[in-house]
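Q: Sequence and computational prediction follow.
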Amino acid sequence: MADISKVRNIGISAHIDSGKTTLSERILFYTGKIHAIHEVRGKDAVGAKMDSMDLEREKGITIQSAATYCTWGDYNINLIDTPGHVDFTVEVERALRVLDGAVLVLCSVAGVQSQSITVDRQMKRYSVPRLAFINKNDRSGANPDRVMAQLKEKLQHNPAFVSYPIGLEDKLNGVIDVVTMQAVYFDGDSGEEIRREAIPAELQEKANELRHRLIEVAADYDDQLMEKFLMDEQPTTEELVAAIRKGTLSLQMTPVFCGSAYKNKGVQVLLDGVVSFLPTPSDVKNEALDQDKNEEKIVLESDPSKPLVMLAFKLEDGRYGQLTYMRVYQGTVKKGDTIHNIANGKKIKVPRLVRMHAAEMHDIEEAQAGDIIAMFGVDCASGDTFTDGNVNYSMTSMFVPEPVIELAVSPKDKAGQVNFSKALNRFTKEDPTFRVTRDEESGETIIKGMGELHLDIYIERIKREYNTEVVVGRPKVAFREAISQRAEFNYTHKKQTGGSGQFGRVGGFIEPLPLDAVETYEFVDDIVGGVIPREYIPACDKGFKEAILEGSLIGQKVVGVRVTINDGATHAVDSSEQAFKTAALMAFREAYEKAKPIILEPIMKLEVSAPEEFQGTVIGQINQRRGVIMNTETEANYVTVESEVPLTEMFGYSTDLRSVTQGKGEFSMEFAKYAQVPRNIQDEMAKEYQKKRAEGR
């Protein structure tokens, strides 16, 4: 088996169109995974076009597999595809979770763009160490120094050039390797022959300046280097590499590489950087949650002899059924072993283990901690944890964000019903934020998700992958209800029928939780002196939980509420669990009316970029949609407007934006928070709901 210190699990992330596809293709070419560069060119022409397609956003890289494996020198590199779009938050989280390090690709002309900021924020959230690669230095207008400045200002990185272009635009010849102080040229038809020479005289001064800066940044992470820096002594290559590695792993420093993937310049130097500066699986702290101890955190060790723990992070429909990608965190798994799915308690015998080589599969007998593999014939959902049965750990908390938008969908004709059901079944397994329910009243199928694009892509996939036309209803926003002040309750439930009756009294109060609280419901038991016997307390909790499922304003779920019970009464004969559950339910409804209920709506973070001349129109449009402008920035004749806008007001926005910006405006949107609906809209909604109920009776 491979030495774990020689394994790198990395992802390539970027704003759409920064050349992520081309770079991934070149990496596979130089590591010997694809042999003819003409195939790459051909594929890339498709790749670049496909990158602009909505559907391509879910794949990110036009390589058939989610994790492709290659070798560079004696290092094994698992290259993992990270989805770029925030509507697929859970997918992005999973991908980032199984990565140990990442390469952030930036375009030398466009620099740090809106999606780069989003991707960077996600890497920070999951503490993923990263390198930056400034691509497209052969394009006119390329300016790596400007991108470097943006890395500092916009992303708050601490960057330093490790390689720098020799010449720009059509004069790009090679790169300066700042660590070894050599000029590197890429000869041969496809840049596969590397030639290292002295740095050209006219660039010597620039190179010295870059090296001084690199040592200065790296010296912060290494005392020995700091001493040499202060004494003005030159460190050895080994000392400098070790310090840069420390800085990168501590997330305090970003080594920056330059080149042009399309022109085959600088990619091999980046690969050297991946093995020199990015972490091995054992450098990264991975935690699991012990399900036997109330999700207590356990640090996993990258040790093949410990109990097995692995995570299914991506599902794919392959030729032979479901292909499940797994990252092994601890222990060893062999063909024929029995593994346990923690999410549903099922046991599975491992039928076949494969390692993915681009689109090919290579059968393997066993895999160890740090490896990324794939399995067939394993029935599971994305995010499930597997163990050997000796531990009850889960890698992902069972928390999944609530959907904010829903659509009624149905197949256009009856013949498509089977494929339609198959598709929905598969997508819910792949993506826990995509939910499917049936509206009992109307008999419609409702799909729910994290945003308009999220659902659009799934509808598009049903059409393409399952040849089924879909009829789509109007989108509906997931409103919530909440309370705005404390209110007391004291409710007695009494029912006397023949024989034993029902009796239960509950007293206490409800109060709002802070808006940013993680939990949306809290139950506090302040009963003293046994006025409500212990065994009836869970029944009260159940009653309250049932009550919050439907508020009285518009029939939506009530969130952000804490219920405290501190008084009550019981009857020796007539009290029962049912009596207390009903009492709690009714008590909540009584207090709810007094607690000044409000309606909450999902607010989206909207980022729009368009040519500067359209700034006034773009801002006007956002204001019309009840948006609040948070920030505007202008760079290179483009304006970027950040704002917060209610989701209800965002339907049809893409068409409107295109028409006022002559098709040049772009936007991205993600869920930000829930906020109160303006009073006039709330009154209207409540009236509408009451009218509907009256008609329904």
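A: Yes, it's here. Numbers count the residues shown, from 1 in each chain.

Q: isn't A183 right next to P165, touching?
A: No: with contact defined as Cβ atoms under 8 Å, A183 does not count as touching P165 (10.8 Å). (C-beta placed from N, C-alpha, C; glycine too.)

Q: Name the residue in these two with the higher neighbour count.
A: P165 (25 against 18; other Cβ atoms under 10 Å).

Q: which SS class is the more buried one?
A: Three-state assignment for P165 (DSSP: H, G, I helix; E, B strand; the rest coil): strand.

Q: these two touch, right, it and R139?
A: No: look at P165 against R139 with Cβ under 8 Å: they stay out of range, at 11.5 Å.

Q: quick revisit: what is in contact with A183 and P165 at once?
A: Common contact partners of A183 and P165 (Cβ atoms under 8 Å, 6 or more residues apart in numbering): 174-176.

Q: any low-confidence regions in the stretch 501-650 of the chain?
A: 516-518, 636 (pLDDT under 70).

Q: so who does G191 touch?
A: Contacts of G191 by Cβ under 8 Å, 6+ apart are 263-265, 267.

Q: If we use 6 Å, what do you get?
A: Going by Cβ atoms under 6 Å, 6 or more residues apart in numbering, G191 touches N264.

Q: What distance do you get for it to A261?
A: 10 Å (Cβ to Cβ, to the nearest Å).

Q: What of K605?
A: Distance from K605 to A261, by Cβ to Cβ: 31 Å.

Q: Kindly report the same for S654.
A: Using Cβ to Cβ, S654 is found at 30 Å from A261.

Q: So for those two, which residue has more residues nearby?
A: Remark: of S654 and A261, A261 carries more neighbours, 28 against 16, as counted by other Cβ under 10 Å.

Q: can you pull out the helices in the stretch 101-250 of the chain?
A: Residue ranges of the helices in the stretch 101-250 of the chain, as given by DSSP state H, counting those that start in this stretch, are 114-125, 144-153, 204-219, 223-230, 237-249.

Q: now the third one: how far from the chain's centre is it?
A: On the basis of Cα atoms, centre = their mean, to the nearest Å, helix 204-219 sits 36 Å off its chain's mean C-alpha point.

Q: Can you list the helices and strands that that helix packs against?
A: strand 159-161, helix 223-230, helix 237-249 (3 or more Cβ pairs under 6 Å, 6 or more residues apart in numbering; DSSP states H and E).

Q: now the second one against helix 237-249, angle please.
A: In this case it means helix 223-230. With axes from the mean of the first three to the mean of the last three Cα atoms, to 10 degrees defining the directions, helix 223-230 sits at 110 degrees from helix 237-249.

Q: buried stuff in helix 223-230?
A: Under the neighbour-count criterion of 16 or more other Cβ atoms under 10 Å, helix 223-230 has 225-226, 228-229 buried.

Q: Report the contact partners of the residue nearest to G247 when sequence neighbours are not counted.
A: Residue nearest to G247 in three dimensions, not counting chain neighbours: M253, with 3.2 Å by Cβ to Cβ, 6 or more residues apart in numbering. By Cβ under 6 Å, 6+ apart, the contact set of M253 is 158, 217, 247.

Q: And I215, by the same measure?
A: Here I215 is in contact with F229 (Cβ under 6 Å, 6+ apart).

Q: Go again with 7 Å.
A: By Cβ atoms under 7 Å, 6 or more residues apart in numbering, I215 lies in contact with 225, 229, 235, 240.

Q: Between the two ends of stretch 138-149, how far is it?
A: 19 Å (Cα to Cα, to the nearest Å).

Q: which other residues reach that stretch?
A: 106, 108-109, 111-112, 134, 136-137, 159, 161, 165, 168-170, 172, 256, 258, 260, 262-263.

Q: Just the buried ones among these, please.
A: Burial by neighbour count, judged by 16+ other Cβ under 10 Å, picks out 106, 108-109, 111-112, 134, 136-137, 159, 161, 165, 168, 172, 256, 258, 260, 262-263 from those.

Q: Filter these down to the ones in strands?
A: Among the buried ones among the contacts of stretch 138-149, DSSP state E puts 106, 134, 159, 161, 165, 256, 258 in strands.

Q: So what sits opposite the last one in the bridge?
A: Beta-bridge partners of C258, counted by DSSP bridges, are I134.

Q: Please report how far it lies from Y689.
A: 59 Å.

Q: The stretch 401-550 of the chain: helices as residue ranges?
A: For the stretch 401-550 of the chain, the helices defined by DSSP H, counting those that start in this stretch occupy 417-430, 452-466, 537-547.

Q: could you dump those helices to CSV with mean neighbour count?
A: Shown next, in CSV, are those (neighbours: other Cβ atoms under 10 Å):
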stretch, mean neighbour count
helix 417-430, 16
helix 452-466, 18
helix 537-547, 19
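
Q: would TSV of the helices and strands packed on helix 204-219 with mean pLDDT and distance to A198 be doable?
A: Below are the helices and strands packed on helix 204-219 laid out as TSV (pLDDT from 0 to 100; distance: least, Cβ to Cβ, whole Å):
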stretch	mean pLDDT	distance to A198
strand 159-161	91	19
helix 223-230	86	23
helix 237-249	89	16
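
Q: got TSV for those, with distance to C380 too?
A: Formatted as TSV, these follow (distance: least, Cβ to Cβ, whole Å):
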stretch	distance to C380
strand 159-161	40
helix 223-230	47
helix 237-249	32
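
Q: Can you tell me which of these is nearest to A675?
A: The minimum distance between A675 and those falls on strand 159-161, with 36.1 Å, by Cβ to Cβ.

Q: Direction included, what does the closest one pair against?
A: Assessed with DSSP bridges, strand 159-161 is paired to strand 254-258 (parallel).

Q: pLDDT of the partner strand, averaged?
A: Here strand 254-258 scores 93 as its mean pLDDT.

Q: Check stretch 79-90 too.
A: Mean pLDDT, computed over stretch 79-90, is 62.
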